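# Let's see this in three dimensions:
(2 chains)
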Amino acid sequence: NAGVTQTPKFQVLKTGQSMTLQCAQDMNHEYMSWYRQDPGMGLRLIHYSVGAGITDQGEVPNGYNVSRSTTEDFPLRLLSAAPSQTSVYFCASTRATEQSSYNSPLHFGNGTRLTVT
Amino acid sequence: AQSVSQHNHHVILSEAASLELGCNYSYGGTVNLFWYVQYPGQHLQLLLKYFSGDPLVKGIKGFEAEFIKSKFSFNLRKPSVQWSDTAEYFCAVNARSGGYNKLIFGAGTRLAVHP
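I've put the predicted structure just below:
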C-alpha cells in the first residue's frame, strides 16, 4: 500500500522557473492538501481540496496554483519560482466522511525539498 | 482567525526525565486536536488525537495528552523519555468553519533527549 507519494524528493530551481510538485494517494481519500514547512514556523497550509474539481486556499496560497481533476492526484504548481518559496513541501490526505466533518488524521507524504536560487 | 501556540521551541532532556510540551489554541468553536511527531528525516506521523469524550487521551509510545477546554490547552506528556523520542513535535487544531475544515499547526517543539 503506497499511501501518499510525492515526487520529486529534491528540486533546485532558478528564480522565475516554473515546476509542478506531484502528489498521488491510493487510499481513495477525498481530502488532500499541501503544506510548506519552514524552520520555526511549523507547517502552513497552502491549498486544499475536498474532492475532485473542488479546491480552496489555505493560509499562504500566493505564488501557488492547484487543481484536482481526479481523486488520486493533487499537483502543486509554481508558475514563477521565488527564493521565498525555498521550503520543504508536504502533501497530505485524509478520509472525509462528510464535507463539514474531518476528524480523521492526515496521512503525509515524504516531502519535497525545494531550493530556489 | 484560529491559531495554535506551542510554548517551547527547543527542549533538551536527559533520558528518563519527564516531558510536558505546551499547546494552546484560539478558537471558540468545536475542535479536534492532534499531536504529530516528525523524527529526523521522516514525514509527520500521528501521535495521538482528541475528538470527544475522555479529555485524557493516550497515544503511541507512551505519550498522552490532556484537553482542558477552559484553558484552550492540549498539552503533551510522557513520564519518562527515551533517546528515540528525539524529534520535532507539532500540535494541530482542526476547526470547523465555513463547511470545510483546515488543519492548523503550531510552530513545533524540537526535543533532544541525551542518553
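# Every contact and neighbour count from this point should use C-alpha atoms.
Noted.
# other SSEs contacting the lengthiest strand in chain B?
Longest strand of chain B, by residue count under DSSP state E: strand B:87-97. Packed against strand B:87-97 by the contact rule (3 or more C-alpha pairs under 8 Å, 6 or more residues apart in numbering or on different chains; DSSP states H and E) you find strand B:3-6, strand B:31-38, strand B:100-105, strand B:109-114.
# got the angle for the helix or strand following the longest one vs strand B:31-38?
The reference is to strand B:31-38. Remark: after strand B:31-38, the chain's next helix or strand is strand B:45-50, criterion DSSP states H and E. For strand B:45-50 against strand B:31-38, the angle by axes from the mean of the first three to the mean of the last three C-alpha atoms, to 10 degrees is 160 degrees.
# Just want the residue of chain B that's nearest chain A.
Among the residues of chain B, B:A107 lies nearest to chain A; the distance is 3.7 Å by C-alpha to the nearest C-alpha.
# quick one on the thing from earlier: including mean pLDDT, could the helices and strands packed on strand B:87-97 go into JSON lines?
JSON lines is the format used below for the helices and strands packed on strand B:87-97 (pLDDT from 0 to 100):
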{"stretch": "strand B:3-6", "mean pLDDT": "92"}
{"stretch": "strand B:31-38", "mean pLDDT": "90"}
{"stretch": "strand B:100-105", "mean pLDDT": "70"}
{"stretch": "strand B:109-114", "mean pLDDT": "96"}
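# Please produce CSV containing those strands, extended by distance to chain A.
Formatted as CSV, the helices and strands packed on strand B:87-97 follow (distance: least, C-alpha to the nearest C-alpha, whole Å):
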stretch, distance to chain A
strand B:3-6, 10
strand B:31-38, 7
strand B:100-105, 5
strand B:109-114, 9
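# Tabulate these (CSV), appending mean neighbour count and distance to A:Y31.
Formatted as CSV, those follow (neighbours: other C-alpha atoms under 10 Å in any protein chain shown; distance: least, C-alpha to C-alpha, whole Å):
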stretch, mean neighbour count, distance to A:Y31
strand B:3-6, 19, 21
strand B:31-38, 22, 16
strand B:100-105, 21, 10
strand B:109-114, 19, 27
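# right, and these - which one's nearest A:P8?
Evaluated over those, closeness to A:P8 peaks at strand B:31-38, with 19.8 Å, by C-alpha to C-alpha.
# That closest one: how far from the chain's middle?
5 Å (C-alpha atoms, centre = their mean, to the nearest Å).
# again with stretch B:28-46
6 Å.
# Which residues belonging to the longest strand of chain B are considered buried?
Using 16 or more other C-alpha atoms under 10 Å in any protein chain shown as the test for burial, strand B:87-97 gives B:A87, B:E88, B:Y89, B:F90, B:C91, B:A92, B:V93, B:N94, B:A95, B:R96.
# Kindly report the same for stretch A:41-49.
A:G42, A:L43, A:R44, A:L45, A:I46, A:H47, A:Y48, A:S49.
# where does chain A dip in pLDDT?
A:1, A:97-104 (pLDDT under 70).
# Tell me which residue lies nearest the centroid of it.
In chain A, the centroid-proximal residue (C-alpha atoms, centre = their mean) is A:W34; its distance is 2.4 Å.
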